[in-house]
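Colleague: Below are the sequence and a predicted model for it; my questions follow.
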Amino acid sequence: MIDLRQLRYFVAVAEEEHVGRAAERLHISQSPLSRQIAQLEEFLGLNLFERSQQRIRLTVDGRTFLAETKALLTHAKRLESLGKRLGRGEEGGLCIGYIENAMHTSVLPDALKILRTARHDLHIALYSQASADQLEGLRQRSLDIALVSEPPAADDPDLDSALVLNEVMLLAMPEHHSLTQKKVLTPEDLQAAQWICVTSGLAQRAVGSHKEGFVAACMKAGFSPDIHLEVTEPMTALRLVGAGLGIAMLQRNLRSSAPDNVVLREVPWMQYATPVWAAWHRINLRPLVAMAREVLLSGESSGLGPENPVAVDLPPTAIAQTTK
């Protein structure tokens, strides 16, 4: 049977690309570490690394093995934590993944409040991860619930999901920007402005899809955004807007955090919202997981409702109400 200690050693060497640095990180000598890696390769009948005098690098097979090793070690760590909680007489806990928007809005904090009120001794572990990583975590059973920006495919054999938030975005402008004086905003007005685009900071592969979604919404509304700055945090965008460096579309829920020098306006004719989906594994739904799912889907913790409706297409003549 494969040795988990050797797997941990393998991950350290793969990440450091240097046996000496990996040995320092693991607080062991270099020779025993090299021996353990060699034994692992012999046991597997597989060359995990390409070795040279300067550095050590993963082979193609080694990269594939590394991804599966990390998933196994994550699950082993969770299993160890579960066993310890059960040993202390606790009834288990929840591992919840989330994207930043689920935390910035009321979805996750309100759900946690409801869950802890119902079960004050409930142990909950939170993991900020990209949506793709969360879905993989559900498949590997390292997560119980995932709060993601994009749901799994409708025909996914393993995962199911439901929309829990589709928050309409607000236009953020510097207080002295010329557009703040206009009662009616048009696509031409937004075409001429300099934009700050908020992307996802969790994984590079997710950044493109977030930017593409924003640009697509702008194009559908009738203008092409002139993007001068790209940031990974909405709060950073708020500060940059306040500094007069451009305008941005931001979550409605952040209006209470807006500085005094930022004006927020609705743009009813622009169909742009930030969805949050709850996802879970279809099989072996533990009672705690079922309870968390029901809380998220009940609407008590979501933005779906009269104050945060799903965005709809309205004509550009609609008046943008000022909120500050």
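Modeller: It's in.
Colleague: element containing the nearest residue to residue 220 once chain neighbours are set aside, please.
Modeller: Counting by C-beta to C-beta, 6 or more residues apart in numbering, residue 220 lies nearest to residue 271, which is 6.2 Å off, once chain neighbours are set aside. The way it works is simple: take the backbone N, C-alpha and C, and place the C-beta from them, glycine included. Under the criterion DSSP states H and E, no helix or strand holds residue 271.
Colleague: gap between residue 271 and residue 222?
Modeller: From residue 271 over to residue 222 the distance is 11 Å, taken as C-beta to C-beta, to the nearest Å.
Colleague: Settle it for me: which of the two has more neighbours?
Modeller: residue 271 (17 against 14; other C-beta atoms under 10 Å).
Colleague: how far away is the closest residue to residue 188 other than its chain neighbours from residue 270?
Modeller: Counting by C-beta to C-beta, 6+ apart, residue 223 is the residue found nearest to residue 188 once chain neighbours are left out, at 7.0 Å. Residue 223 sits at a distance of 9 Å from residue 270 (criterion: C-beta to C-beta).
Colleague: These two: who's more crowded?
Modeller: residue 270 (26 against 18).
Colleague: wait, doesn't the more buried one sit right on residue 217?
Modeller: Yes: using C-beta atoms under 8 Å, residue 270 is in contact with residue 217, at 6.4 Å.
Colleague: so where does the nearest residue to residue 114 once chain neighbours are set aside fall, helix or strand?
Modeller: Among residues not flanking residue 114 along the chain, residue 295 sits closest, at 5.0 Å (C-beta to C-beta, 6+ apart). Here residue 295, judged by DSSP H and E, is contained in helix 287-297.
Colleague: next one: that helix to chain centre, how far?
Modeller: 20 Å (C-alpha atoms, centre = their mean, to the nearest Å).
Colleague: same thing with stretch 100-108?
Modeller: Centroid displacement of stretch 100-108 relative to its chain, using C-alpha atoms, centre = their mean, is 10 Å.
Colleague: Start and end of it, how far apart?
Modeller: Stretch 100-108 has an end-to-end distance of 10 Å (criterion: C-alpha to C-alpha, to the nearest Å).
Colleague: which residues in the chain form strands?
Modeller: 49-51, 56-58, 93-98, 123-128, 145-148, 159-174, 194-198, 226-231, 248-251, 262-265, 273-281, 322-323 (DSSP state E).
Colleague: Tell me how many other residues crowd the closest residue to residue 171 other than its chain neighbours.
Modeller: Nearest residue to residue 171, sequence neighbours excluded (C-beta to C-beta, 6+ apart): residue 265, at 4.7 Å. By the measure other C-beta under 10 Å, the count of residues near residue 265 is 19.
Colleague: Kindly report the same for the one 4 residues further on.
Modeller: Each residue near residue 269 was counted by other C-beta under 10 Å, and the total is 19.
Colleague: From what I see, it and residue 218 are in contact.
Modeller: No: look at residue 269 against residue 218 with C-beta under 8 Å: they stay out of range, at 11.7 Å.
Colleague: per-domain residue ranges of this structure.
Modeller: 4-83, 90-164+275-297, 166-273+311-323 (automatic domain parsing).
Colleague: what about the longest helix in this protein?
Modeller: helix 60-87 (DSSP state H).
Colleague: Please spell out the segments of the chain that come in under the pLDDT threshold.
Modeller: 85-92, 200-209, 284-285, 299-324 (pLDDT under 70).
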